[in-house]
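Peer 1: Sequence first, predicted coordinates after that:
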Amino acid sequence: MRLFLQLYLGFVAIIVLMVVTVGCLGVMTRDGERTETAAEWAELWLMDLPEDTATRNARFARLGELIDHEVSLRSADGALLAGSDVVPAGEPGSYRADGGHGYRIALSDGRVLGLYTKINPRRHLRFLFLLGLMGLLIAVGCWPLARRLTKRLERLRDSAERWGAGELDARVAVSGGDEVARVGRAFNQAADQVQALVTSQQRVLAHASHELRSPLARLRMALEMAEPGPMIDQAVEEVEALDDIIGDVLRAARMEAQAGPEQPEPVALRALLEGFAADGVVVEGGEREVLGDERLLRRMVRNLVDNARRYGEPPIVLRVTEAGLQVDDRGAALPEAERGAIFEPFHRRDGHAEGVHGGVGLGLALVQQIARFHGGDVAYVEVDGHSRFEVTLP
């Protein structure tokens, strides 16, 4: 449940508990207090009581109407002198009888003034209705208070999610000086420091990779000018492999520093895949265009094809799909325990050492990075015991 609903429902629960408590107390005490007050008024009324029986009974009836109670006057021995016989005789004080309650007052001459009323449910319902209306108004007033507090927390959460998803420039708007504002400022400060650190690392990595290519080019030229031989040929191959690694690192660093292609252009996937058609490679599927960097997409497909040739078996099928593209090979599927790690940088399958089976473990990591750079992703799936890589490209 969302935080603002938890806070709001907590407020409402407290209000409901308060209304129920006040209502119960009111129902328990209000009628009794009302009867005692009516008895005091009746005592004042009797200070000038006429002696005539008919006039006295009429006056008692009028008094009962005014105070909404049955009223009686009894002698010390309980005999009814005037008023209603519904009021029972008894000792002075409050009492309850037959679903109602009353109050008796001992007068100075020994007579007893009694009042009695039955509980009126409509009166109690009106009282509870007023309490409920008050509680409803308070509940409505609590809504903007709870929403205002938690809306700021939601903005902080949204900024943290965007930042965690890779938007390192995401920040939260800070207002006020309370604890929520302090958390927002602390988040912004931490995000600034992390962004500066990541940017610095990317810049150092890009510069270092770029600077390495110049001495590699000179070394390759020197090797090609040397007297040909197996050792020289192997050295040239190692230099070319190292140059490819540095190129991959540079591409990764550039993509890390950007949110997507700077100048995306339409790329025909079918034509892109047909560029890799050769012995053992089959292209299937219809025409489909995506917006992106054609050079990076071509590198992604090349890495997938090289991976299929290195670890799979022909035929290799490149297929254009509605979601993007697929690469199938007839090699055995990967074990379950290894499938989650194949896209990690520098990961190599068990028994496939560097330099023996080729590659250093950057190919599939770069495939994943290129797909995500274009707003898509890549996944490994098993189909009939064989391997398939599915690339989604929006």
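Peer 2: Yes, it's here.
Peer 1: residues contacting Ala235?
Peer 2: Counting by C-beta atoms under 8 Å, 6 or more residues apart in numbering, Ala235 touches Leu223. Yep, even glycine has a C-beta here, placed from its N, CA and C like the rest.
Peer 1: what's the spacing between it and Ala226?
Peer 2: Ala235 is 9 Å from Ala226, where distance means C-beta to C-beta, to the nearest Å.
Peer 1: separation between Ser108 and Leu272?
Peer 2: Ser108 sits 114 Å away from Leu272, going by C-beta to C-beta.
Peer 1: more neighbours, the two?
Peer 2: Here Ser108 and Leu272 are compared on neighbour count by other C-beta atoms under 10 Å; more neighbours surround Leu272, at 19 against 5.
Peer 1: mind listing what that one touches?
Peer 2: 294, 297-298, 301.
Peer 1: any residues touching the longest strand anywhere in the chain, and which ones?
Peer 2: Looking only at the chain and at elements set by DSSP state E, the strand with the highest residue count is strand 324-332. Strand 324-332 is contacted from outside by 269, 273, 285, 290, 301, 304-305, 308, 311-319, 371, 376, 383, 385-393, using C-beta under 8 Å, 6+ apart.
Peer 1: Buried residues, the helix or strand following it. List them.
Peer 2: As assigned by DSSP states H and E, the chain's next helix or strand after strand 324-332 is helix 336-339. Counting neighbours by 16 or more other C-beta atoms under 10 Å, one finds that helix 336-339 has no buried residues.
Peer 1: Now find how far off-centre helix 336-339 is within its chain.
Peer 2: Relative to the centre of its chain, helix 336-339 is centred 31 Å away, using C-alpha atoms, centre = their mean, to the nearest Å.
Peer 1: what packs against it?
Peer 2: In terms of contacts (3 or more C-beta pairs under 8 Å, 6 or more residues apart in numbering; DSSP states H and E), helix 336-339 is packed against no helix or strand at all.
Peer 1: Begin at 43, not 1, for the rest of this chat.
Peer 2: Got it, first residue is 43 now, which makes that one helix 378-381.
Peer 1: Hmm, Ala212 and Arg204 touching each other?
Peer 2: Yes. With contact defined as C-beta atoms under 8 Å, Arg204 reaches Ala212; the gap is 4.0 Å.
Peer 1: Give me the more crowded residue out of those two.
Peer 2: Legend: neighbour count by other C-beta under 10 Å for Arg204 and Ala212, higher for Ala212 (18 against 15).
Peer 1: What are the phi and psi values at that one?
Peer 2: Dihedral angles of Ala212 (phi, psi; degrees, to the nearest 10) stand at phi -70, psi 130.
Peer 1: show me the residues around it that make contact.
Peer 2: 201, 204-205, 233.
Peer 1: same thing but 10 Å
Peer 2: Listed by C-beta atoms under 10 Å, 6 or more residues apart in numbering, the contact set of Ala212 reads 200-206, 229-230, 233, 237.
Peer 1: what ranges do the strands span in the stretch 243-392 of the chain?
Peer 2: 307-310, 323-326, 331-334, 358-362, 366-374 (DSSP state E, counting those that start in this stretch).
Peer 1: JSON lines for these, including mean neighbour count, mean pLDDT and distance to Gly144?
Peer 2: Converted to JSON lines, the strands of the stretch 243-392 of the chain look like this (neighbours: other C-beta atoms under 10 Å; pLDDT from 0 to 100; distance: least, C-beta to C-beta, whole Å):
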{"stretch": "strand 307-310", "mean neighbour count": "14", "mean pLDDT": "92", "distance to Gly144": "94"}
{"stretch": "strand 323-326", "mean neighbour count": "16", "mean pLDDT": "91", "distance to Gly144": "97"}
{"stretch": "strand 331-334", "mean neighbour count": "18", "mean pLDDT": "91", "distance to Gly144": "89"}
{"stretch": "strand 358-362", "mean neighbour count": "21", "mean pLDDT": "93", "distance to Gly144": "94"}
{"stretch": "strand 366-374", "mean neighbour count": "21", "mean pLDDT": "91", "distance to Gly144": "87"}
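Peer 1: can you put these in TSV and add distance to Ala121?
Peer 2: As requested, those are exported to TSV (distance: least, C-beta to C-beta, whole Å):
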stretch	distance to Ala121
strand 307-310	111
strand 323-326	114
strand 331-334	106
strand 358-362	111
strand 366-374	105
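Peer 1: Those: which one's closest to Val225?
Peer 2: For Val225, the closest of the strands of the stretch 243-392 of the chain is strand 331-334, at 38.6 Å, according to C-beta to C-beta.
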